[in-house]
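Trainee: Make a model of this:
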Amino acid sequence: MNIEQLRFNMIEQQIRPWDVLDARVLEMLKTVRREQFVPAESRSLAFMEVEINLGHGVSMWQPKLEARAVQALSLQVSDSVLEVGTGSGYLTALVAKMAAQVTSVEIVPELSVLAARNLASQQISNVNLQVGDAAHHWGEAEYDAIVLTGSVPLIPEAYKNQLKVGGRLFALVGDAPAMHGQVITRVAADKFETQVLFEFAVAPLQNAVQPKRFVF
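Mentor: The predicted model follows:
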């Protein structure tokens with residue numbers, strides 16, 4: 001198996017055609033070793049256009065979705081980032097390579113331990129891993145960027161309010177099968193703008209905020 005050829009094919013055949021054109025993101029995909037964040041029994045799937053089961057009801061996103069989400073956050077080297085849902089740590093690693101500091105919260109302790117090991121193997125040290133239920137909010141700090149790695153029926157207001165002015169939040173919003181990747185930007189203290197980027201369905205964020213629903 002030629003790992004570098006598979007990586008090249010992933011970038012050129014899956015990711016670039018899905019409108020991921022940011023040169024920084026494309027270069028980073030060459031250097032962060034995705035195969036090291038995939039369970040050993042699934043390593044043959046590391047560069048394929050599939051979700052990869054991590055156990056505990058959690059899966060890694062498809063590569064093109066990971067890349068598109070990172071591009072959508074428009075990260076700067078001075079940014080502080082909150083990630084809700086660490087998983088195996090691969091998306092965490094991509095974000096950490098482009099930002100100053102990442103706080104990543106995982107509800108499953110075993111996955112946080114796995115992510116810590118994976119990140120250490122890549123010499124990534126600007127990540128603060130925490131364990132807990134961050135579906136509704138996490139702490140009081142403000143961030144330049146926030147990413148939710150499970151889908152939500154609606155964006156939690158607490159997270160919108162934790163964005164700095166100019167900050168961006170990426171999430172997949174909606175109920176299956178009608179979900180949309182969105183970026184919410186805080187353009188002023190009391191004003192937000194939403195950009196809908198694409199349709200894509202992923203598993204819901206555990207304990208996500210639910211809207212009031214009519215019962216007939």
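Trainee: can you tell me which strand in the protein is longest?
Mentor: What stands out as the longest strand in the chain, according to DSSP state E, is strand 163-175.
Trainee: and that one, average pLDDT?
Mentor: Averaging pLDDT along strand 163-175 yields 97.
Trainee: Distance from the chain centre to that strand, please.
Mentor: How far strand 163-175 lies from its chain's middle: 11 Å, per CA atoms, centre = their mean, to the nearest Å.
Trainee: Show me what the helix or strand following it pairs with in its sheet, parallel or antiparallel.
Mentor: Next helix or strand after strand 163-175 toward the C-terminus (DSSP states H and E): strand 178-188. Strand 178-188 has the following strand partners under DSSP bridges: strand 163-175 (antiparallel), strand 191-199 (antiparallel).
Trainee: what's the last one in contact with?
Mentor: Translated: strand 191-199. 68, 72, 160, 178-187 (CB atoms under 8 Å, 6 or more residues apart in numbering). C-beta coordinates here come from the backbone N, C-alpha and C atoms, glycine included.
Trainee: same check, this time on stretch 67-74
Mentor: Everything outside stretch 67-74 that qualifies as a contact, by CB under 8 Å, 6+ apart, is 15, 18-22, 25-26, 28-29, 61, 81, 91, 94-95, 98, 145, 147, 168, 170, 181, 183, 197-198.
Trainee: How about residue 137: what's its closest non-neighbour residue?
Mentor: residue 158 (3.6 Å; CB to CB, 6 or more residues apart in numbering).
Trainee: Look at residue 167 and say how many residues are nearby.
Mentor: Residue 167 has 24 neighbouring residues, counting by other CB atoms under 10 Å.
Trainee: Which single helix of the protein contains the most residues?
Mentor: In the chain, ranked by residue count with DSSP state H as the criterion, the top helix is helix 109-121.
Trainee: Report all helices and strands that whichever strand or helix holds residue 30 contacts.
Mentor: Using DSSP H and E, residue 30 maps to helix 23-31. If you count contacts as 3 or more CB pairs under 8 Å, 6 or more residues apart in numbering; DSSP states H and E, helix 23-31 packs onto helix 63-73, helix 90-98.
Trainee: And the last one, what does it pack against?
Mentor: When you say that, I think you mean helix 90-98. Helix 90-98 packs on helix 23-31, helix 63-73, strand 80-84, strand 101-106, helix 109-121, strand 127-131, strand 143-148, going by 3+ CB pairs under 8 Å, 6+ apart.
Trainee: May I see those organised as a markdown table, with mean neighbour count added?
Mentor: Shown next, in a markdown table, are those (neighbours: other CB atoms under 10 Å):
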| stretch | mean neighbour count |
| --- | --- |
| helix 23-31 | 15 |
| helix 63-73 | 23 |
| strand 80-84 | 25 |
| strand 101-106 | 24 |
| helix 109-121 | 17 |
| strand 127-131 | 16 |
| strand 143-148 | 25 |
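Trainee: what about the chain, any weak spots by pLDDT?
Mentor: Residues of the chain that meet the criterion pLDDT under 70 lie in 1, 213-216.
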